[in-house]
Structure formats: structure tokens, C-alpha cells
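Trainee: My questions are about this predicted structure, shown below with the sequence.
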2 protein chains.
Amino acid sequence: MHLVPAERADRRAIDGHRVCDAVAAIGEPDHVRAWAERFSLLSDPGRLALLVALRQTGPLAVSDLAIATGMNGPAVSQALRLLRAAGVVAGEKDGRVVRYRIIDPITADLLRHCVCGSG
Amino acid sequence: MHLVPAERADRRAIDGHRVCDAVAAIGEPDHVRAWAERFSLLSDPGRLALLVALRQTGPLAVSDLAIATGMNGPAVSQALRLLRAAGVVAGEKDGRVVRYRIIDPITADLLRHCVCGSG
DNA sequence: TGGATACCTGCACAGCCGCGCAGGTATCCA
DNA sequence: TGGATACCTGCGCGGCTGTGCAGGTATCCA
């Protein structure tokens, strides 16, 4: 039952079985890491504001996002670049305007907690 | 209808009404900031692993958390210090052992998404 | 009472991230 | 065709954050 890796199996545990439960709960380190990165994308006020706006309003142009959030243009671009690289948002070109929207359902679901009042 | 702050109301918007919707969706900057900080607490693999373990297993001692996550003692202490200062976890002293548990229901709810398989 | 354990704290260091500016490209209007 | 708009990218700087080590305190066992 000892799911603890051998490298630290010699450490004295207070509640051995609970440690095993915890190891089982944590699961694959990569899994945890992936979720941490996902949360990391939401940990910046600028990015979070952009995502909340996108989720609530739908496709929005970069300059409109800049106006709505109070950020300047390049800052919005850089934030969207990160989010796009992470597969959270996608941009669609409409003439010289690029409208972004959220394409990751998991992130959209997480954002629901922030705007709980307005579903 | 223009909810845009006067300081940047002169900027030309692509879709004016959508900008207003976005501003309304974002709401109070402090609100967004608070959520960003909340997500920030989950953006570190160590802290996230600790919280997942705590949520799944319940009260756990610091040293057990260290064994389960593979972190060393002081790292766990510091992570828990942050989480405790943020009001996410609380520790209860039982002799020389301190067992921590999650006291913030919102964070616990967020963690649900990471362990979706085991509710 | 003496030793060991469990935990907390402060400090110094490396690494990362957000931020702003300048330059470049593609597209639309006159 | 010329000018303006909308957006993207690279670079450098300041600040924050995670990490490890050493020291200190409180508690349990013999």
C-alpha cells in the first residue's frame, strides 16, 4: 500500500495511510503541473480581466479589449499571445481587426466562478 | 450607455456597445484583482499539490505533506504560511503536530475541477 | 530532566514575469 | 497610390516569487 516513492520511503510518517491517500490524490506530477499552469494564466489581473470580458461579451477586438480593461495595446497583445499559445483563446481576422474568443471550455468553466452572479 | 471611464473615453472603439458590455462584465477592478490573487495561490505546483492532498484526504500534518508531495519541510511550511495568510487553510495544533485543512469553500470548489474524476 | 522530533521564521540568491517602448507588417479609406 | 489604422514582435528593466539554509521554539519520550 505504500505508494510513496522509494527515495523518501524511509521518512517517518505521522499517519502512514493518509500519506498514501494524499499521494493517490495528487496523482501524476505532470497532471498537477498542467493545472498549476492553467491557474497561472488566470493569476494576472490583466489576463483575467480580458478573459472575463471575452467570456461575458463574446468575440472582441484587441483595441476594444484595451479600452475596456484600461491596458495599452502591446500589453493586450502580449497577454493574448500567451493565452493563444496556451490554447485558451483564438483570434479570427476580420479585415484589419482581429477578434478573440475563448476556445478552452475548462478555462471558461473556471471563469464562471468569478462571474457567478451573472452566469 | 458609455461605462468607459472618462480618461479613455476618447479612444475610438470598434464595437462601442460591446466595450460597454465588457466593462460591465469586468466590474470592480478590486474584484478582478481578488480573483487573480486567488488563482495565483493555485498557480504553484507545490501549493496546488498540497491543496489537492488536503482536499482529498482531509487534515494532514506538515511532515506528511512533505513526504506526499516530495517537498522539503521548510518549503511546505512557507507554502502553508502563504495559504494561511490568505485564509485558505488553517492549522490545528495536536501536541507537536500541526494538522492543516482547507477552510475556504471557494478554493475547495475550484480544486474540484482538478480532481473531477473523484469528486 | 535530557534528548529528539516537529514546526516556524528570517535571510540571501537565482529565476521568472509583467510592463513599456520602439519598429515592423498588413489592411482599409480617400 | 498615399496616409492612417490595427495589430504583432523583440528588447531591456524593475519587481516579485520560489528555494534552500541556518537558527530558534515548543512538545513528546525515556
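Mentor: Cool, the structure landed. Numbers count the residues shown, from 1 in each chain, chains lettered A, B, ... in the order given.
Trainee: middle-most residue in chain A, spatially?
Mentor: A:R38 (3.2 Å; CA atoms, centre = their mean).
Trainee: which residues touch it?
Mentor: Residues in contact with A:R38, defined by CB atoms under 8 Å, 6 or more residues apart in numbering or on different chains, are A:A86, A:I106, A:T107, A:L110. Backbone N, C-alpha and C define where each C-beta goes, glycine included.
Trainee: can you check A:T69 too?
Mentor: Neighbour list for A:T69: A:G46, A:A49, A:L50, A:A53, A:V76, B:A22, B:I26 [criterion: CB under 8 Å, 6+ apart].
Trainee: May I see these organised as a markdown table, with pLDDT added?
Mentor: As requested, the contacts of A:T69 are exported to a markdown table (pLDDT from 0 to 100):
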| residue | pLDDT |
| --- | --- |
| A:G46 | 94 |
| A:A49 | 95 |
| A:L50 | 95 |
| A:A53 | 95 |
| A:V76 | 94 |
| B:A22 | 94 |
| B:I26 | 93 |
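Trainee: can you list those residues in CSV and add distance to DNA strand D, neighbour count and secondary structure?
Mentor: Below are these laid out as CSV (distance: CB to the nearest atom of the strand, whole Å; neighbours: other CB atoms under 10 Å in any protein chain shown; DSSP: H, G, I helix; E, B strand; the rest coil):
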residue, distance to DNA strand D, neighbour count, secondary structure
A:G46, 13, 17, helix
A:A49, 16, 29, helix
A:L50, 11, 28, helix
A:A53, 13, 25, helix
A:V76, 7, 24, helix
B:A22, 13, 27, helix
B:I26, 18, 25, helix
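Trainee: Ramachandran coordinates for whichever residue of chain A sits closest to DNA strand C?
Mentor: The minimum distance from chain A to DNA strand C, using CB to the nearest atom of the strand, falls at A:G95 (2.8 Å). Note on A:G95: backbone dihedrals following degrees, to the nearest 10 are phi 70, psi -130.
Trainee: Quickly note the distance from it to B:A34.
Mentor: To B:A34, A:G95 is 38 Å away according to CB to CB, to the nearest Å.
Trainee: neighbour-wise, which of those two wins?
Mentor: Remark: of A:G95 and B:A34, B:A34 carries more neighbours, 12 against 5, as counted by other CB atoms under 10 Å in any protein chain shown.
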